[in-house]
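> from the sequence below, what's the structure:
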Amino acid sequence: MDADARGGAPGTRPDPDPADALLTVRDLRIAFGRGRDRTEVVHGVDLTLRAGECLAVVGESGSGKTLTGRTLAGLTGPGATVTARRLDFDGRDLTTLDERAWRRVRGAEIGLVLQDALVSLDPLRRVGAEIEEALANHGIGIRRDRPERAVELLREVAVPEPEWRARQFPHQLSGGQRQRALIASAIAAGPRLLIADEPTTALDMTVQAQILDLLAARRDAGTALLLISHDLAVVARLADRIAVMHEGRLVETGPAARVLAAPSHPYTRRLLDAVPVPRAAPTPPAGDPEAETGAVVLRAEGLVKRYEGPGGPVEALGGVSCELRAGETLGVLGESGSGKSTLAQVVLGLLEPDEGTVTLFDKPWSHLGERSRAPLRGRIQLVQQDPLSSFDPRWDVERIVAEALGAGGRRDARRHRDRVVELLGLVGLAPAFLGRRPSQLSGGQRQRVAIARALAPEPAVLVCDEPVSALDVSVQAQVLDVFDQVRERLGVALLFISHDLGVVRHISDQVAVMRAGRVVETGPVEQVFTRPAHPWTRQLLDALPRPADGAPAPGPAPSPTVPAGACVPGRTS
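Numbers count the residues shown, from 1 in each chain. The predicted structure follows:
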């Protein structure tokens, strides 16, 4: 098996190189800087990968897994020093390639799918043209046939309405659609080795299942697949072998089923322990009417929202009604395009519904001017997926959080320091973080700062739109714990929007399942997950990646006692 040849855990030394290996890596080391400033970040990594095999490299952000994958595609980055005892692809020494040679190899023989599709795709070029370029660069097909082939590739990766999407720009597609377009571009030239770096992070469960089936089909057809991921369920579904990276080293390797069922390294066990599991919701005291019914803080009734689409009006919301009670978490589950994010924007007062109403504390909230909303604006706050884009990169944490307290500048922010420190403490950050800028924070730390900022106006409702989807599994677990603590300590109600079934099951009291702008099923979380009534809910659950045979699977939590009727299916309009 593959492993770090130096300093790895017992049993992690590599087997002799197989004669049929397509990729052989021995003692790979990656460093940045020179002289006294030289820092080695990947330490003696060994990998072997055969045609028709999937090797998953698993680890948290900063473990070196992405850097290792990029190096194997000749994209380590400026200022890097790469050394290896062996770095062979199909008998070719990759360390001897210059950039011109790499351009011939990259895409045609070694394909790379990166996680951040919005950055990877050219914002000024239509999606179809992006894929056509990949074909043209390697002389595949003739010019007039390439647009049709680009559409076929989009269809292969389950992009809806591929003819239309091929004519759109990346910003006009959802995050999941952009990721699928990026995969289509990566496989266009038919590479023999495909390096997929978190290829399903932004995808819904059913679409994720389609992409995993696509990758599995390519593996079965003989493509070697190097899968880089923090999602152990995805890894379990696709990988033949797993290599676990921590702080630039491989700490454990082996067959996927063995690593997931009986991990030998403490770090691997920690990753598995961080997978979200159902939690036991507290049972309200018997006979306590206030605990049993709760106070409704947010109510939406008959929400309809239409947009103009290519063939006429598209109904993003088709009569959605729901209510949220104090201290409760309502999980809204659905795919991209199901209407869940539109629901969030309407509830926040950022979009006006075409029909229906929203009330906050039984007071009108929709169909009002912002001046009329102002007295209640602080009572409902947003925690979004990517806090980095909402932070001013020039500001430190103290000023970012203090702004939500009304601070007008740096000096004014200091007058709020005690309150800022208190808010950071609520989300598990020490005062030492006050002076850090967003670029100096990890993804989990940035999300904690975003939660602290959202809590500053003392809201009764937090609308959380995919707040942990971009985080590593262990960091995700920490942030979910923060949400639980905030709810229990402050009584804040959460409208928690996600496509991740495991996350929704872990954090929710009630669940509303959305499809095509309507709520198709609702109920207590364990009822929906263990006894789904609607075919679409059952299809979502069937698409959920499951641990490999022999690996421990999360067991059900005790069924919570929660208020009934938190959300009702929408009408047909």
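> ranges for the strands of the stretch 401-550 of the chain?
In the stretch 401-550 of the chain, the segments counted as strands under DSSP state E, counting those that start in this stretch are 461-465, 493-498, 510-515, 518-524.
> what would those look like in JSON lines with distance to Ser63 and mean pLDDT?
For every residue, glycine as well, the C-beta is placed using N, CA and C. Shown next, in JSON lines, are the strands of the stretch 401-550 of the chain (distance: least, C-beta to C-beta, whole Å; pLDDT from 0 to 100):
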{"stretch": "strand 461-465", "distance to Ser63": "27", "mean pLDDT": "94"}
{"stretch": "strand 493-498", "distance to Ser63": "24", "mean pLDDT": "95"}
{"stretch": "strand 510-515", "distance to Ser63": "33", "mean pLDDT": "95"}
{"stretch": "strand 518-524", "distance to Ser63": "38", "mean pLDDT": "95"}
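> Ala108: which of these is closest?
Closest approach to Ala108 among those (C-beta to C-beta): strand 493-498, 37.7 Å.
> list the buried ones in that closest one?
Ala493, Leu494, Leu495, Phe496, Ile497, Ser498 (16 or more other C-beta atoms under 10 Å).
> what about the residue lying closest to the third one once chain neighbours are set aside, neighbour count?
Excluding the flanking residues, the one nearest Leu495 by C-beta to C-beta, 6 or more residues apart in numbering is Val463, at 4.8 Å. By other C-beta atoms under 10 Å, the residues close to Val463 number 26.
> which ones are touching Val463?
Residues counted as contacts of Val463 (C-beta atoms under 8 Å, 6 or more residues apart in numbering) are Ala344, Val347, Leu348, Ile380, Gln381, Leu382, Val383, Leu495, Ile497.
> quick check: bridge partners of the fourth one?
Spelled out, it's Ile380. Counting by DSSP bridges, Ile380 is bridged to Val461.
> residues near it, how many?
Close neighbours of Ile380, defined as other C-beta under 10 Å, add up to 25.
> which of the contacts of Val463 sits closest to Gln177?
For the contacts of Val463, the nearest to Gln177 is Ile497 (17.8 Å; C-beta to C-beta).
> what sits against the closest one?
Ile497 neighbours (C-beta under 8 Å, 6+ apart): Gly331, Val332, Lys340, Ser341, Leu343, Ala344, Val463, Cys464, Asp465, Glu466.
> pull out the buried members of the residues you listed.
The neighbour-count criterion (16+ other C-beta under 10 Å) marks Gly331, Val332, Lys340, Ser341, Leu343, Ala344, Val463, Cys464, Asp465, Glu466 among those as buried.
> still on that earlier bit, so which of the contacts of Val463 comes closest to Leu441?
Nearest to Leu441 out of those is Val383 (C-beta to C-beta; 15.4 Å).
> wait, that closest one sits on Val468?
No: the pair Val383 / Val468 is not scored as a contact, 9.7 Å apart, by C-beta atoms under 8 Å.
> between these two, what contacts are shared?
Counting by C-beta under 8 Å, 6+ apart, the shared contacts of Val383 and Val468 are Gln447.
> which of these two has more residues huddled nearby?
Ranked by neighbour count (other C-beta under 10 Å), Val383 and Val468 place Val468 first, with 28 against 23.
> what's the nearest residue to the more buried one if we skip its chain neighbours?
Gln476 (4.5 Å).
> so what's Val151 up against?
Val151 touches Gly128, Pro162, Glu163, Ala166, counting by C-beta under 8 Å, 6+ apart.
> what is the neighbour count of Glu370?
8.
> what's the pLDDT at it?
On pLDDT, Glu370 comes in at 86.
> pretty sure Glu132 sits against Pro147.
Yes: contact criterion C-beta under 8 Å: Glu132 and Pro147 qualify, at 6.3 Å.
> more neighbours: these two, which one.
Neighbour count, other C-beta under 10 Å: between Glu132 and Pro147, Glu132 has more, with 25 against 17.
> verify the stated contact: Pro393 with Pro438.
Yes: Pro393 is within contact range of Pro438, at 5.6 Å (criterion: C-beta under 8 Å).
> these two: which has the busier surroundings?
Pro438 (20 against 9).
> now do the contacts for the nearest residue to that one once chain neighbours are set aside.
Distance criterion C-beta to C-beta, 6+ apart; nearest residue to Pro438, sequence neighbours excluded, is Phe391 at 4.4 Å. By C-beta under 8 Å, 6+ apart, the residues touching Phe391 are Ile400, Pro438, Arg446, Val449, Ala450.
> could you look up the SS state of Arg373?
Three-state assignment for Arg373 (DSSP: H, G, I helix; E, B strand; the rest coil): helix.
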